[in-house]
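In: Need coordinates for the below:
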Amino acid sequence: MVVAATVCCFDLRSPYAASKLREFSDPNLLRAGFEQNTLLQMALEELGFHVTPLLCRVRWNKPSDSDGPNTTFTHMALKVKLDAGDFLADVGFAGSNSISPVKLGSPEPQNLPEGQFRVVDGLRGYITLQLLVKGEWRELYTWRDEPAPLVDLECSNWYSCTFPKARFTTSFFVFRVIGDERHHILNSQYVKRKGHGVDSSVEISDIKTKAELLRLLDSVFGLQLNVNEVGLDRYLTPLS
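Out: Take a look at the predicted model:
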């Protein structure tokens, strides 16, 4: 899977969104943000699944919110109803997320391909997805068990795509899972992580030139971009 952060917005359930779903000739290449899980929702519903969109507050690498929320709704996930119960499906969080569905309704740890996860009751009536990292349960994001209206999804998506301090307007990010390896580029750093938890290994290298960035995007992430793309290298550290 490739997750590419973009700053493009579209009406999440519009004919345009439906046309974008049909454009994906490569199912491993998906856009990040609300668009990505909206496309997954549309595909699942077409297959006959009952899907509920959820608005989420990101908690990964955020300060404590014990005194009140300090992040807004900048993520969308899906609750999918199956005969075996309800599951959390999410193909848009990248990095630390589970590609496999996470069982809802039980706080018991779940051993999944990307690590050990659990779903627990959070603060103020929220539900929280957690990941075990080196013996510590870390929060990924939190949500309330209620359907997110389309109008709220559109507003949150627009905010994530346009607000000057939002992540997707202030950074360059691309992510891919290859076997048990997770590859990502964040601004000027290329990170390759192998394994999970205490047994994981991490390799970090600096990207110094636009040519090097384009080579990595092509060879690792399968993304071929125009060499003349303006501003593609604006997040790289200038050579001294």
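In: Okay, the most centrally placed residue in the chain and V120: tell me how far apart.
Out: The residue lying closest to the centre of the chain (C-alpha atoms, centre = their mean) is F93, at 1.6 Å. According to C-beta to C-beta, to the nearest Å, F93 and V120 sit 17 Å apart. The C-beta positions use only the backbone N, C-alpha and C, and glycine is treated the same way.
In: So what does the residue nearest to the centre of the chain have for phi and psi?
Out: For F93, the backbone dihedrals are phi -90, psi -30 (criterion: degrees, to the nearest 10).
In: can you check the one 4 residues further on too?
Out: Dihedral pair for N97: phi -90, psi 160, per degrees, to the nearest 10.
In: again, but for E212
Out: Dihedral angles for E212 - degrees, to the nearest 10 - are phi -70, psi -40.
In: neighbours around it, how many?
Out: 16 (other C-beta atoms under 10 Å).
In: try the one 4 residues further on
Out: Burial of L216 is recorded as 17 neighbouring residues (other C-beta under 10 Å).
In: ok, now which ones touch it?
Out: L216 is in contact with 185, 190, 207, counting by C-beta atoms under 8 Å, 6 or more residues apart in numbering.
In: So for the helix or strand where it lies, mean pLDDT?
Out: Using DSSP states H and E, L216 sits in helix 210-219. Averaging pLDDT along helix 210-219 gives 93.
In: Which residues does V202 form beta bridges with?
Out: V202 has the following beta-bridge partners by DSSP bridges: R193.
In: thought N70 was touching P63?
Out: Yes - using C-beta atoms under 8 Å, N70 is in contact with P63, at 6.3 Å.
In: And those two? Which one has more around it.
Out: The residue with more neighbours, out of N70 and P63, is N70; 12 against 9, by other C-beta under 10 Å.
In: mind listing what's buried in stretch 105-115?
Out: For stretch 105-115, the neighbour count (16 or more other C-beta atoms under 10 Å) marks 112, 114-115 as buried.
In: what do you get for stretch 223-233?
Out: 232-233.
In: Using PDB, write out every CA atom in it.
Out: What follows is stretch 223-233, C-alpha atoms only, in PDB (Å, rounded to 0.1, in the frame of the first residue of the first chain):
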ATOM      1  CA  LEU A 223       5.400   7.100  -7.800                       C
ATOM      2  CA  GLN A 224       6.700   8.700 -10.900                       C
ATOM      3  CA  LEU A 225       6.500  12.500 -10.700                       C
ATOM      4  CA  ASN A 226       7.300  15.200 -13.200                       C
ATOM      5  CA  VAL A 227      10.900  16.300 -12.700                       C
ATOM      6  CA  ASN A 228       9.800  19.900 -13.400                       C
ATOM      7  CA  GLU A 229       7.200  19.800 -10.600                       C
ATOM      8  CA  VAL A 230       7.500  23.200  -8.900                       C
ATOM      9  CA  GLY A 231       8.000  23.200  -5.200                       C
ATOM     10  CA  LEU A 232       8.400  19.400  -4.800                       C
ATOM     11  CA  ASP A 233      11.700  19.900  -3.000                       C
END
